[in-house]
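Colleague: Output the structure for:
(chains A and B)
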2 protein chains.
Amino acid sequence: MSKDPNTIYVGTKPAMSYVLAVITHFNDSDAKEVTLKARGRAITTTIDVVEIVRRKFLKELKTSKIEIGTEEMQREDGTRNVSTIEINLKR
Amino acid sequence: MSKDPNTIYVGTKPAMSYVLAVITHFNDSDAKEVTLKARGRAITTTIDVVEIVRRKFLKELKTSKIEIGTEEMQREDGTRNVSTIEINLKR
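Modeller: Got it, this is the predicted structure:
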């Protein structure tokens, strides 16, 4: 995965961990935006994160882009397709 | 839930059930669009459905709108917020 400082990868931690990461991102830097990326089951967490941040913490944020896609994952028993999401938040 | 014939609610069935529902919708009617709605864990299934339909079956479909939101759900122990998604597909 890339190290773009404006990208947060959402995984299996509780939603609040990523909510904090988003808030910290906007507080610590002059960043005007952040992109959340996730795949598979973490997609639901990502949407929870965006909703919690927008409704409870940073109400001025706008979702400027929501993109969905498919990625091939290598597995022992072959490849498997997994859905992905990218949500861009701007202030 | 409403009975809008252009809306498919995605729940806990396997993704292929909803893939079939989308294909049937476009085959049986002169429908130009369909909206998939889901909440909670079914959000991931919804994105799987859209990706499978677009990549394997109806390649001309475009996602014209992806919206996320929050709904309050009544529970025995009070109310709980749950994330929602709406994806509109047009041909």
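Colleague: tell me the SS of the one residue sitting closest to the centre of chain A?
Modeller: Central residue of chain A (Cα atoms, centre = their mean): residue A:36, 2.1 Å from the mean position. Put simply, residue A:36 is strand when judged by DSSP: H, G, I helix; E, B strand; the rest coil.
Colleague: and stretch A:14-28, does that touch chain B?
Modeller: No - taking Cβ under 8 Å from any Cβ of the partner chain as the criterion, stretch A:14-28 and chain B are apart, separated by no less than 9.3 Å. Where C-beta positions appear, they are placed from N, C-alpha and C, glycine not excepted.
Colleague: Give me the contacts around that stretch.
Modeller: A:6, A:8, A:10, A:31, A:34, A:36, A:45-46, A:48-49, A:52-53, A:57-58, A:89, A:91 (Cβ atoms under 8 Å, 6 or more residues apart in numbering or on different chains).
Colleague: mind listing what's buried in the biggest helix by length in chain A?
Modeller: Ranked by number of residues, the top helix in chain A under DSSP state H is helix A:15-28. Of all the residues in helix A:15-28, those buried under the rule 16 or more other Cβ atoms under 10 Å in any protein chain shown are A:15, A:18-19, A:21-22, A:25-26.
Colleague: Flag the shaky bits of chain A, pLDDT-wise.
Modeller: A:1-3 (pLDDT under 70).
Colleague: 50 - rerun?
Modeller: Under the criterion pLDDT under 50, the flagged ranges of chain A are A:1.
Colleague: Those residues of it touching chain B, which are they?
Modeller: So far as Cβ under 8 Å from any Cβ goes, chain A lies against chain B at A:40-41, A:43-44, A:47-48, A:50-51, A:55, A:63, A:66, A:68-70, A:81, A:83, A:85, A:87.
Colleague: Repeat the analysis, applying 6 Å as the threshold.
Modeller: With Cβ under 6 Å from any Cβ of the partner chain as the criterion, chain A meets chain B at residues A:41, A:43-44, A:47-48, A:51, A:66, A:68, A:70, A:83.
Colleague: Serialize those residues to a markdown table and add fields for neighbour count.
Modeller: Shown next, in a markdown table, are the residues of chain A next to chain B (neighbours: other Cβ atoms under 10 Å in any protein chain shown):
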| residue | neighbour count |
| --- | --- |
| A:41 | 14 |
| A:43 | 26 |
| A:44 | 26 |
| A:47 | 29 |
| A:48 | 23 |
| A:51 | 21 |
| A:66 | 20 |
| A:68 | 20 |
| A:70 | 16 |
| A:83 | 23 |
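Colleague: in the sheet, who's paired with the closest residue to residue A:50 other than its chain neighbours?
Modeller: Setting aside the residues directly before and after it, residue A:50 is nearest to residue A:87 in space (Cβ to Cβ, 6 or more residues apart in numbering or on different chains), at 5.6 Å. Note on residue A:87: beta-bridge partners by DSSP bridges are residue A:36, residue A:66.
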